[in-house]
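>>> can you look at this prediction? I've put the sequence above it.
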Number of protein chains: 2
Amino acid sequence: MNPYHKDGIRGQGAAKISDATVRRLSKYYRTLQSAMASNKITISSEEIAHLNGVTAAQVRKDLSFFGAFGRRGLGYNVADLHRNISHILGLHRTWNVCIVGAGNIGRALAHFRQFQEQGFHIKLVMDSDPTKWGQSIDGLTIQRFDDCKELMHLEKIKIAIIAVPASAAQRVVDKLVEAGIKAILNFAPVSIFVPSGVTVRNENMAIEIEALSYALTSKSRRPT
Amino acid sequence: MNPYHKDGIRGQGAAKISDATVRRLSKYYRTLQSAMASNKITISSEEIAHLNGVTAAQVRKDLSFFGAFGRRGLGYNVADLHRNISHILGLHRTWNVCIVGAGNIGRALAHFRQFQEQGFHIKLVMDSDPTKWGQSIDGLTIQRFDDCKELMHLEKIKIAIIAVPASAAQRVVDKLVEAGIKAILNFAPVSIFVPSGVTVRNENMAIEIEALSYALTSKSRRPT
């Protein structure tokens, strides 16, 4: 028996809500941010649905998991719903984040402003390559990955982003898990295994572009 | 009536197969690549399932959309299934790709070796910022976005990657669509609208990290 399992968001703490629902909540949250920015007071499930390419019934169902926030015929109060979703997703607080791997992707992520804006603060960048130690990225000095346990403790890191080659990913993950990390965003193009209780999300950029290749291919197969 | 719609993979050419199925096929394809690399001849739906965190029934169902490739009790021939999926996903050929936006993300993507390995060849990088024109990224010279129509035609570009700020995304997309592009991978953190017949995939890195924030938050809410 393998004590490890592949973990989407099926961790113990998130048994009932599907990945897809959480992903849609993130999108609704953005819709509400835009609505607030344009001083909108209320918003209907139809409006949220239209802007996110889903049905109004889907929007109502997704929100119903967490209690009924809207009133029939009146729609949702934008500020209330925004606050509710931010609490559900844990976006009402900040999270300290580390990046492992200071290659092209790691460096781009360290500069990625949207993480900061949503409360994800990059506090630490680590690499195994001695030639990178001491270099600076966006004000952060690249640190030795061997010291990850102490560094992550010092910086109160709750989320680790893995931007290392596929061949190094599992070794890096094992070390991070040993150091106590519970949430990993994986940019390495490979499946990684974690013990239960640790949540992994995979960001595989090649998978999205393959969906485009599929769409173009299936179009060209059709008789026109 | 808005003639534009938000498009996952719901384009005309891909009506029947869900986004989720296509995404899983990409993952199975990787599993088969690894299996081939280790000289495996046959593979069972159970093995594919285990390595991808889904059920064997799901694997069989996903593959059944495209015809039955396996034989009961014998599993799938690795090379055959690999070839079949590569044809389904359009990975048996190469695609010429352009990147719009030569900021941190655009530059990282231009260097992203996995695109090349899977047959997605970055042939063109464009930007609207005159100070970037003429600079070189990985052997490519950054070109004027204003010339996108001619440049994309010249380089036979089939897929465009958008790595521009949110505020510029829709304008860039409109111009690309006008120039004839049919497939867009969007890294801008904003919803973009395209006419039907154009497929968009959104790569929103902040959404995946929010799923981790959700998982950590829902864990900490539970009594322990």
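Sure, I can see it. Numbers count the residues shown, from 1 in each chain, chains lettered A, B, ... in the order given.
>>> could you check whether the longest helix along chain A is close to chain B?
Ranked by number of residues, the top helix in chain A under DSSP state H is helix A:19-37. Yes - using CB under 8 Å from any CB of the partner chain, we find that helix A:19-37 touches chain B at A:19-20, A:22-23, A:25-27, A:29-30. C-beta here means a position set from N, CA and C on the backbone, and glycine is covered the same way.
>>> check which helices and strands the helix or strand following that helix sits against.
As assigned by DSSP states H and E, the chain's next helix or strand after helix A:19-37 is strand A:42-43. For strand A:42-43, the packing partners by 3 or more CB pairs under 8 Å, 6 or more residues apart in numbering or on different chains; DSSP states H and E come out as helix A:19-37, strand A:76-77, helix A:78-89.
>>> can I get these in a markdown table including mean pLDDT and mean neighbour count?
Shown next, in a markdown table, are these (pLDDT from 0 to 100; neighbours: other CB atoms under 10 Å in any protein chain shown):
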| stretch | mean pLDDT | mean neighbour count |
| --- | --- | --- |
| helix A:19-37 | 89 | 19 |
| strand A:76-77 | 91 | 20 |
| helix A:78-89 | 92 | 19 |
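>>> of all these, which lies closest to residue B:88?
Across the helices and strands packed on strand A:42-43, the minimum distance to residue B:88, taken as CB to CB, is reached by helix A:19-37, at 22.5 Å.
>>> so the closest one versus helix B:19-37, what angle?
Regarding helix A:19-37 and helix B:19-37, their directions subtend 130 degrees when assessed with axes from the mean of the first three to the mean of the last three CA atoms, to 10 degrees.
>>> touching helix A:19-37 from outside, list them.
The contact list for helix A:19-37 (CB atoms under 8 Å, 6 or more residues apart in numbering or on different chains) reads A:8-9, A:14, A:43, A:48, A:51-52, A:54, A:58-59, A:62-63, A:65, A:78-79, A:81-82, A:85-86, A:88-89, A:91, B:20, B:189-191, B:204, B:206-207, B:210-211, B:214.
>>> send me the longest helix of chain A as PDB with only the CA atoms.
Coordinates of the C-alpha atoms in helix A:19-37 are reproduced here as PDB (Å, rounded to 0.1, in the frame of the first residue of the first chain):
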ATOM      1  CA  ASP A  19     -12.000  21.500  -7.600                       C
ATOM      2  CA  ALA A  20     -14.200  22.900 -10.300                       C
ATOM      3  CA  THR A  21     -16.400  24.700  -7.700                       C
ATOM      4  CA  VAL A  22     -13.400  26.300  -6.000                       C
ATOM      5  CA  ARG A  23     -12.000  27.400  -9.400                       C
ATOM      6  CA  ARG A  24     -15.400  29.000 -10.300                       C
ATOM      7  CA  LEU A  25     -15.500  30.800  -6.900                       C
ATOM      8  CA  SER A  26     -12.200  32.300  -7.700                       C
ATOM      9  CA  LYS A  27     -13.600  33.600 -11.000                       C
ATOM     10  CA  TYR A  28     -16.800  34.900  -9.400                       C
ATOM     11  CA  TYR A  29     -14.500  36.700  -6.900                       C
ATOM     12  CA  ARG A  30     -12.800  38.500  -9.800                       C
ATOM     13  CA  THR A  31     -16.200  39.500 -11.200                       C
ATOM     14  CA  LEU A  32     -17.100  40.900  -7.800                       C
ATOM     15  CA  GLN A  33     -13.900  42.800  -7.600                       C
ATOM     16  CA  SER A  34     -14.600  44.400 -11.000                       C
ATOM     17  CA  ALA A  35     -18.200  45.200  -9.900                       C
ATOM     18  CA  MET A  36     -17.000  46.900  -6.700                       C
ATOM     19  CA  ALA A  37     -14.400  48.900  -8.700                       C
END
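>>> brilliant, that's me finished.
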